[in-house]
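[1] below are the sequence and a predicted model; questions follow.
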Protein chains: 2
Amino acid sequence: MKFNVQRNQLMESVQDVMKAISSKTAIPILSGMKIDVTEEGVKLTGSDSDISIESFVPAEEEGIVYVENIEPGSIVLQAKYFPEIVRKLPEQTVEIESDEQFNVTIRSGSAEFNLNGQDAQEYPQLPKLHTENSFELSVDLLKDLIRQTVFAVSTSETRPILTGVNMSIKDQKLQFVATDSHRLAGRSIPLEDSANKELFSNIVIPGKSLNELNKILDDTQEKIEISVTENQILFRTKHLNFLSRLLDGNYPETSRLIPEQSKTNVMIDSKELLHSIDRASLLAKESRNNVVKLTTKENTSIEISSNSPEVGKVFEEVTADTIEGEELKISFSAKYMMDALKAINSEKVNISFTGAMRPFIIKPAEHEDEILQLILPVRTY
Amino acid sequence: MKFNVQRNQLMESVQDVMKAISSKTAIPILSGMKIDVTEEGVKLTGSDSDISIESFVPAEEEGIVYVENIEPGSIVLQAKYFPEIVRKLPEQTVEIESDEQFNVTIRSGSAEFNLNGQDAQEYPQLPKLHTENSFELSVDLLKDLIRQTVFAVSTSETRPILTGVNMSIKDQKLQFVATDSHRLAGRSIPLEDSANKELFSNIVIPGKSLNELNKILDDTQEKIEISVTENQILFRTKHLNFLSRLLDGNYPETSRLIPEQSKTNVMIDSKELLHSIDRASLLAKESRNNVVKLTTKENTSIEISSNSPEVGKVFEEVTADTIEGEELKISFSAKYMMDALKAINSEKVNISFTGAMRPFIIKPAEHEDEILQLILPVRTY
């Protein structure tokens, strides 16, 4: 195996696949990175058996040559040192070569690294997904779907199914839902192509996988292709294959958690509310489990407050656009509220309360059918 | 006590004094920040008893009013929450007020914080240094002196005196020296004012104090005034007093460590050498204690190499400007060499070796009398 490659392209691909490689793997060879070279280019592979990432550097694209002097072959390299080596090489081009004893030589300028490699035959085969049954989204829309829901997955393994995001297609809509049973985040988008509805109904993708995918994908309007099988999901862009296992089990029916009626409705500036809750939570972080109190006042005024006896107390009045319905005092996690407001990312939000002991809903003032954030209040005495 | 202050000015001062405040202090009140308000302005004080920092916000300066509505007084505030509170306040001005029960109210816009304060009478008095016996430097020159030496202090408490930087005045020169007994870093500057030589001869400033001071000082050509007593040193700028205790004991005589003759002299590009050592050290980090080897070759060529049997090996040829004297193979810590080259920060460096088992010296090609870095080689078999 031998090839010359542009260092910057190699570096980008290395950084992508490193997201799947863990040094603490039960399968030693998975602590390495597989390099496959063909006349088409260089494919790098990393996997921790939950997530597998393949990144491709084409030999040539749009008239630009990225890989040259190709002698096809494969090798597995220790991933621990490889990213730093590539990053610090002195020249823009890199020559990588392996011999039959799996010795790898990396040359750039007058620098030469000799590394011990491993036989690529010993690297596990990734499952091949049939990509005929697939649908497409724009990358930035997928990133929105992830960003607006994944923060609400459970971090506890008590109910493993809740550590994932529920992806479903129903009534021509693609929906992402996550809940840790204290809050729920949901986002849906219309799917234009009606053929999609037959692909799958209801799967659960590990939150960790979606977080890593979100980090790798740049904000672009390019398309990403999504294919689902019984226990795997594949996200595919031009030069990237991102494969994740799915979580086993049935995701709970969340729609019945969402109250259908409300008693107090507030429309308010999202940033003003966010900042005042941020301030109120400063003193509440330790002693009160980050709980703040919201109280409706006269003249569309809302008081945000918290009280930590050993430290002190905070209160602040925020003027809402409108307050309709019953007076209300309610306590909730400042963190959950801030997460929800950041995820909605809208200038104005509508908050619908159904009393101090019932879950409440936050939605953007516009496109209110697409995003829903639900938070359970905290009982205080 | 009561005053209104510009938030940005308050924030800067708070950040400065926070560098001296530790939450793990044996004296509980030192986990707080003292605020003293007079008609002149607001003085903040933080201390961990090794380092004390006072930062001043003037009531008015160059026609700009920073502090208003002053009712003089003092209070001690819990420092843990204060910086975040100030940073997140909604408006540009802040009102701070305390009552006789040491309750502190912080108001900005419609936000109000009530914090429990403590009696400022209970805060330890900082020693008053006589600042008549002082000398001045420009701030950026002091920062250079610190930056070029402090990294070489010992991190081990085996010989506590080596955790400090030795500051001395001799032959009209101000000199900083630090050593951990494996390497030594020295920097000296001429002192113009001959009166200075009577101030002190030889003191040792804790490395930690100098690191914190370096962080607080901005790169400016403004003057900083330095005053020394038997066991304290005071650094003083317009709005800042930085007080550190000195280390007890005699600093070892380091001048005899420095070889007077050399057998091999190399002049080389500093960055090229730095980067090649950086690359060679990539594989050496764990298995070989970060040791690299330097070998002189023919035609002013130098080979930098390292070999870690389990991982692999690296070698690289670097062309020196000149090599004079005996051939040489020498091994040394890549980290020490990189620290030294970064500290020298000169385009070309001269390296003077006296054999593979003797300390070697690195100096800048220009101003070679001002900076000296010495490294002990590592014995390899």
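    Right, received. Where do you want to start? Numbering: from 1, shown residues only, chains lettered A, B, ... in the order given.

[2] tell me which parts of the stretch 151-300 of chain A are close to chain B?
    Near chain B, the residues belonging to the stretch 151-300 of chain A are A:H275, A:S276, A:D278, A:R279, A:L282, A:L283 when assessed by CB under 8 Å from any CB of the partner chain. Glycine gets a C-beta too; all of them are placed from N, C-alpha and C.

[3] in helices only, show me those residues.
    A:H275, A:S276, A:D278, A:R279 (DSSP state H).

[4] residues touching A:N8, list them.
    Counting by CB atoms under 8 Å, 6 or more residues apart in numbering or on different chains, A:N8 makes contact with A:Q92.

[5] and it, which of the three is it?
    Three-state assignment for A:N8 (DSSP: H, G, I helix; E, B strand; the rest coil): helix.

[6] next: A:D218.
    Assigned with three-state DSSP, A:D218 falls in the coil class.

[7] residue contacts, it?
    Residues near A:D218 by CB under 8 Å, 6+ apart: A:V139.

[8] now do it against chain B, distance only.
    Per CB to the nearest CB, to the nearest Å, A:D218 is found 28 Å from chain B.

[9] tell me the spacing between that residue and A:T237.
    Relative to A:T237, A:D218 is positioned 9 Å away (CB to CB, to the nearest Å).

[10] shared neighbours, the two?
    In contact with both A:D218 and A:T237: A:V139, using CB under 8 Å, 6+ apart.

[11] quick one: the helices in chain A, in order.
    A:7-18, A:82-88, A:139-147, A:207-216, A:270-281, A:334-344.

[12] with mean pLDDT as added columns, please give those helices in TSV.
    Below are those laid out as TSV (pLDDT from 0 to 100):
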stretch	mean pLDDT
helix A:7-18	96
helix A:82-88	95
helix A:139-147	96
helix A:207-216	97
helix A:270-281	96
helix A:334-344	96
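
[13] ok, which of the ones you listed comes nearest A:K363?
    The closest of the helices of chain A to A:K363 is helix A:334-344. By CB to CB, the value is 7.3 Å.

[14] relative orientation of that closest one and helix A:139-147 in degrees?
    Computed with axes from the mean of the first three to the mean of the last three CA atoms, to 10 degrees, the direction of helix A:334-344 lies at 160 degrees from that of helix A:139-147.

[15] in helix A:334-344, what counts as buried?
    Residues A:A334, A:K335, A:Y336, A:M337, A:M338, A:D339, A:A340, A:L341, A:A343, A:I344 are the ones in helix A:334-344 that count as buried (16 or more other CB atoms under 10 Å in any protein chain shown).

[16] restrict these to contacts with chain B.
    Counting by CB under 8 Å from any CB, no member of the buried residues of helix A:334-344 reaches chain B.

[17] can you put those residues in TSV and add distance to B:G63?
    Compiled in TSV, the buried residues of helix A:334-344 are given as follows (distance: CB to CB, whole Å):
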residue	distance to B:G63
A:A334	42
A:K335	44
A:Y336	48
A:M337	44
A:M338	41
A:D339	45
A:A340	46
A:L341	41
A:A343	46
A:I344	45
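
[18] returning to what we had before: farthest pair in the residues of the stretch 151-300 of chain A next to chain B?
    A:H275 and A:L283 (15.2 Å).

[19] which of those two has more residues huddled nearby?
    Set A:H275 next to A:L283 and count neighbours by other CB atoms under 10 Å in any protein chain shown: A:L283 wins out with 26 against 21.

[20] coming back round to it: quick one: which of the helices of chain A is nearest A:D321?
    Of all the helices of chain A, the one in closest proximity to A:D321, counting by CB to CB, is helix A:270-281 (10.4 Å).

[21] what about the stretch 1-150 of chain A, any weak spots by pLDDT?
    The model of the stretch 1-150 of chain A has pLDDT under 70 over residues A:130-132.

[22] who in it is up against chain B?
    By the rule CB under 8 Å from any CB, the part of the stretch 1-150 of chain A lying against chain B is A:78, A:81, A:84-85, A:88-90, A:104, A:109-116.

[23] can you flag the buried ones in these?
    For those, a burial check counting by 16+ other CB under 10 Å picks out A:78, A:81, A:84-85, A:89-90, A:104, A:109-116.

[24] most centrally placed residue in chain A?
    Centroid-nearest residue in chain A, with CA atoms, centre = their mean: A:N211, separated by 2.6 Å.

[25] go ahead and confirm that residue touches A:V150.
    Yes. Counting by CB atoms under 8 Å, A:N211 does reach A:V150; the two are 5.9 Å apart.

[26] now do the contacts for A:L247.
    With contact set as CB under 8 Å, 6+ apart, A:L247 has these partners: A:P160, A:I161, A:T163, A:G164, A:V204, A:I205, A:P206.

[27] for it, give me the pLDDT.
    A:L247 carries a pLDDT value of 96.

[28] my guess is A:V311 meets B:F82, correct?
    No. If you go by CB under 8 Å, A:V311 and B:F82 don't touch, sitting 10.8 Å apart.

[29] return every residue with contacts to both of these two.
    Common neighbours of A:V311 and B:F82 (criterion: CB under 8 Å, 6+ apart): B:L115.

[30] against B:L282, how distant is the residue lying closest to A:S108 once chain neighbours are set aside?
    Excluding its sequence neighbours, the residue lying closest to A:S108 (CB to CB, 6 or more residues apart in numbering or on different chains) is A:L89, at 3.8 Å. Distance, A:L89 to B:L282, using CB to CB: 10 Å.

[31] shared neighbours, the two?
    In contact with both A:L89 and B:L282: no residue, using CB under 8 Å, 6+ apart.

[32] number of nearby residues for A:E327?
    Applying other CB under 10 Å, we find 11 residues neighbouring A:E327.

[33] ok, the spatially closest residue to it that is not a sequence neighbour - contacts?
    Of all residues not flanking A:E327 in the chain, A:T296 sits nearest, at 5.2 Å (CB to CB, 6+ apart). Contact analysis of A:T296 by CB under 8 Å, 6+ apart lists A:T264, A:V266, A:I302, A:I323, A:E327, A:L328, A:K329.

[34] out of those residues, which is nearest to chain B?
    Nearest to chain B among these is A:I302, at 10.7 Å by CB to the nearest CB.

[35] any idea how far the nearest residue to the closest one once chain neighbours are set aside lies from A:F360?
    Leaving aside its sequence neighbours, A:I302 sits nearest to A:V318 (CB to CB, 6+ apart; 5.0 Å). Separation of A:V318 from A:F360 (CB to CB): 16 Å.

[36] now do A:T158
    According to CB to CB, A:T158 stands 25 Å off from A:F360.

[37] the two: who's more crowded?
    Counted by other CB under 10 Å, A:T158 and A:F360 do not tie: A:F360 has more neighbours, with 25 against 8.

[38] count of neighbours near the residue nearest to A:D50 when sequence neighbours are not counted?
    Leaving out its chain neighbours, the residue that sits closest to A:D50 by CB to CB, 6+ apart is A:R245, at 5.4 Å. When neighbours are counted by other CB under 10 Å, A:R245 registers 16.

[39] what's near enough to touch A:R245?
    By CB under 8 Å, 6+ apart, the residues touching A:R245 are A:S49, A:D50, A:I51, A:P206, A:S209, A:N231, A:Q232.

[40] with A:T179 instead?
    With CB under 8 Å, 6+ apart, A:T179 has these contacts: A:A152, A:V153, A:S154, A:L162, A:A185, A:P252, A:T254, A:L257, A:L374.
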